[in-house]
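Visitor: Just a sequence and a predicted model for now, questions to come.
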Amino acid sequence: MFTRHYPHWPPGQPKTLDLPKTTVYANLEAIAARDPDFSAIDYYGSRISYREFKRQVDALAGFLQKRWGVAKGDRVLLYVQNSPQFVIAFYAILRADAVVVPVNPMNRTEELRHYVSDSDAKVAIAGQDVLQYLQPVEGLEQVLVAAYSDYLVAGTDLPVPDFVRAPATDASWKKALEAGLAPGTSLAAPGDLAVMPYTSGTTGKPKGCMHTHANLQATTVPYLNWRGAQVRSVVLSALPMFHVTGMQAGMNAPIHSGATLVILSRWDRDCAGLQIARARVTNWSAITTMLVDFLSNPALKDYDLSSLKVLGGGGASMPEAMARKLEEVIGLPYVEGYGLSETMAPTHINPPQRPKRQCGGIPFYNTDARVVDFHDFHDLPPNEVGEIIVHGPQVFQGYWKQPEASAQAFVEHDGKRFFRTGDLGYYDEEGYFFITDRLKRMINCSGFKVWPAEVEAMLYAHPAIQEACVIGARDAYRGETVKALVVLKVEFLKKVEPREIVDWAREKMAAFKVPRIVEFVDALPKTATGKILWRELQEQENRR
């Protein structure tokens, strides 16, 4: 067991935690019984109590089971923006003993086809704003439509996005709740699958990460304790909930502790400032680009940020200058963490009383982490770069219907089954972990992971493209951005402009995956067996 970091453990916190042997839904059930009138959700000033939240969860679960036949273990697609409906649907799917398949609402039809066919989902819950992209997808038998304006019941002068204000064009969500159907006896156990977020890899196609209720509880229960939970915390939920960080830090952990979720459907720095002041937000998890934008707001001085007690996040390292500015403006250190979709958010978090900048932190509760040589997996000493591997209760069960990929993702080490993160890094003499590079091929755009092989596979559908290689390029704002090196088919030479490729890609894939830079080249370097030398091209780009 790695223990070098123990001297810097948060004061008063145990080194390990006994986790409840219950489902995630049981967290909501407990808090609704204990504090039913406290606000569970603040949605642009409209509030929902824990009593009403649970009532709607149960009604939707009963509808899914009794009208649509959702049964234990069924996968249900959740394709919705941050909203009360996302949270209600998430817990309703779990109460129906089914499995949540959270999907980025930025994804489009071609991407959705894979999620539906691979997960074998027959039922989906979709936002009214993105329904058009789901409608052409084959295989779904039922789709429930959520109109965000249904939950704007109080007048507000907040800058609410137009798609949130849009009147409902489909009443299926309301009808499902009004049916008043009670769910059956819960059959789910802690070891049953609960959530299956998709993550990509070097093979291109996204893979479902199988997480049980116990996996979720491993980061749900201790999350706010580590960072210093207050009684009746108020959490700004601006990170996307489809992603494991937003899911845990902005939804499941606050609900377990009985906090209020102040939900933003889309990031807006003015709305965030106003809601921090009005709702008296105490906890905020944010990615670097979000905070860069927040601090650059000329109106920032007009917002009362004094209620904030905890500020943290991950996804991409916080630049030193920006971390200093945060402390000057907000008066709080930015506590960084590190985790993956496969680990349901954190495996590491900085100790709040002694964080280090641009650092992943120290291993979390019940977590053993090592840095090993990626050839023979022997443990490396401090300050030597190797692959980071982790063992803990938050580590997933494997990839859905991918036994070979699952086997390759783990290694037996020191008598335990460790997950290979694919990230390179080191730990210092005090046991703090630093991430330096990626063993896997991946681009990090503002905290969103972009897998080049997946983007390449979609680019090859363009009629003018003969070959494509996707790499990362430096970007002052996003950290990295997507760049595509493209070889055109002969008949399209001098007939297509790079801008046309970019515009085409915007119609086919999520915005964060779209190549912002397209460069036409005569040929791509290859091995003797015809494999494109992407690493060579990446290194050339890094030298620019």
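Guide: All right, it came through fine.

Visitor: My guess is L78 contacts A92. True?
Guide: No - contact criterion C-beta atoms under 8 Å: L78 and A92 do not qualify, at 9.9 Å. Backbone N, C-alpha and C define where each C-beta goes, glycine included.

Visitor: of those two, who's got more company?
Guide: A92 (31 against 25; other C-beta atoms under 10 Å).

Visitor: so what's the residue nearest to the more buried one when sequence neighbours are not counted scoring on pLDDT?
Guide: Distances taken as C-beta to C-beta, 6 or more residues apart in numbering put L60 closest to A92, at 3.7 Å, once the chain neighbours are dropped. As predicted, L60 sits at a pLDDT of 98.

Visitor: So in the protein, where's the weakest helix or strand by average pLDDT?
Guide: The least trusted helix or strand in the chain, going by mean pLDDT, DSSP states H and E, turns out to be helix 223-227, with a mean of 78.

Visitor: Next one: I443 from I517, what distance?
Guide: 12 Å (C-beta to C-beta, to the nearest Å).

Visitor: Compare the two and say which is more crowded by neighbours.
Guide: Between I443 and I517, I443 has the larger neighbour count (other C-beta under 10 Å), namely 24 against 15.

Visitor: rewinding a little: does anything pack onto the least confident helix or strand of the chain? Which helices or strands?
Guide: helix 253-257, strand 310-313, strand 345-349 (3 or more C-beta pairs under 8 Å, 6 or more residues apart in numbering; DSSP states H and E).

Visitor: Any buried residues in that helix, and which?
Guide: Buried residues in helix 223-227, defined by neighbour count with 16 or more other C-beta atoms under 10 Å: Y223, L224, N225, W226, R227.

Visitor: after the helix or strand hosting the residue nearest to A92 comes which helix or strand?
Guide: Per DSSP states H and E, L60 falls inside helix 50-66. Heading C-terminal from helix 50-66, the first helix or strand you meet, by DSSP H and E, is strand 75-79.

Visitor: quick one: strands adjacent to that following strand?
Guide: strand 99-102 (parallel), strand 123-127 (parallel) (DSSP bridges).

Visitor: what's the angle between the following helix or strand past the first one and strand 123-127?
Guide: Spelled out, it's strand 99-102. Note on strand 99-102: by DSSP H and E, the next helix or strand toward the C-terminus is helix 109-119. Interaxial angle, helix 109-119 versus strand 123-127 (axes from the mean of the first three to the mean of the last three C-alpha atoms, to 10 degrees): 150 degrees.

Visitor: which of the residues in helix 109-119 are buried?
Guide: Counting neighbours by 16+ other C-beta under 10 Å, helix 109-119 gives E110, E111, L112, Y115, V116, D118, S119 as buried.

Visitor: Listing request: residues of the chain with sub-threshold pLDDT.
Guide: Across the chain, residues meeting the criterion (pLDDT under 70) sit at 200-204, 228-229, 315-316, 528-530.

Visitor: care to break this structure down by domain?
Guide: If you go by automatic domain parsing, the domain ranges for the chain are 6-369, 443-542.

Visitor: winner for burial among those domains?
Guide: domain 6-369 (a mean of 20; mean count of other C-beta atoms under 10 Å).

Visitor: before we move on, back to that, my guess is the residue nearest to A92 contacts F90, does it?
Guide: No - with contact defined as C-beta under 8 Å, L60 does not count as touching F90 (10.2 Å).

Visitor: A helix includes Q394, no?
Guide: No - counting by DSSP: H, G, I helix; E, B strand; the rest coil, one finds Q394 to be coil, located in no helix.

Visitor: contacting residues for it?
Guide: N215, A218, T219, G339, T343, M344, A345, P346, T347, F364, T367 (C-beta atoms under 8 Å, 6 or more residues apart in numbering).

Visitor: The same query, at a cut-off of 10 Å, please.
Guide: 19, 211, 214-220, 222, 244, 248, 339-340, 342-347, 364-367, 419 (C-beta atoms under 10 Å, 6 or more residues apart in numbering).

Visitor: So which of the helices and strands packed on helix 223-227 is nearest T23?
Guide: Among the helices and strands packed on helix 223-227, the nearest to T23 by C-beta to C-beta is helix 253-257 (11.8 Å).

Visitor: where's the closest one relative to the chain centroid, distance-wise?
Guide: Using C-alpha atoms, centre = their mean, to the nearest Å, the distance from the centre of helix 253-257 to the centre of the chain it belongs to is 17 Å.

Visitor: neighbouring strands for the following helix or strand past it, and are they parallel or not?
Guide: Sequence-wise, the next helix or strand downstream of helix 253-257 (DSSP H and E) is strand 260-263. Next to strand 260-263 in the sheet, as set by DSSP bridges, lie strand 39-43 (parallel), strand 234-237 (parallel).

Visitor: mind exporting the helix or strand harbouring I389 as PDB, just the C-alpha atoms?
Guide: When elements are assigned from DSSP H and E, I389 belongs to strand 386-391. Provided in PDB are the C-alpha atoms of strand 386-391 (Å, rounded to 0.1, in the frame of the first residue of the first chain):
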ATOM      1  CA  GLY A 386       6.200   6.000 -15.200                       C
ATOM      2  CA  GLU A 387       2.600   4.800 -15.700                       C
ATOM      3  CA  ILE A 388       0.100   5.600 -13.000                       C
ATOM      4  CA  ILE A 389      -1.900   2.600 -11.900                       C
ATOM      5  CA  VAL A 390      -4.700   2.600  -9.300                       C
ATOM      6  CA  HIS A 391      -6.600   0.100  -7.100                       C
END
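
Visitor: So which elements touch that strand?
Guide: If contacts are counted by 3 or more C-beta pairs under 10 Å, 6 or more residues apart in numbering; DSSP states H and E, strand 386-391 sits against strand 335-340, strand 345-349, strand 368-372, strand 410-413, strand 416-427, strand 433-438.

Visitor: May I see those organised as CSV, with distance to R47 added?
Guide: Output for those, formatted as CSV (distance: least, C-beta to C-beta, whole Å):
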stretch, distance to R47
strand 335-340, 28
strand 345-349, 27
strand 368-372, 40
strand 410-413, 44
strand 416-427, 40
strand 433-438, 39
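
Visitor: Now do the helices in the stretch 201-350 of the chain.
Guide: 213-220, 223-227, 244-247, 253-257, 269-279, 288-295, 320-330 (DSSP state H, counting those that start in this stretch).

Visitor: Any idea which of those helices gets closest to L140?
Guide: Proximity to L140 (C-beta to C-beta) singles out helix 244-247 among these, at 22.6 Å.

Visitor: for that closest one, packing partners?
Guide: Judged by 3+ C-beta pairs under 10 Å, 6+ apart, helix 244-247 is in contact with helix 84-95, strand 99-102, helix 213-220, strand 335-340, strand 345-349.

Visitor: Relative to A484, which of these is closest?
Guide: Of all the helices and strands packed on helix 244-247, it is strand 335-340 that lies closest to A484, at 25.3 Å by C-beta to C-beta.

Visitor: What backbone torsions are found at T481?
Guide: Main-chain dihedrals, T481, degrees, to the nearest 10: phi -140, psi 170.
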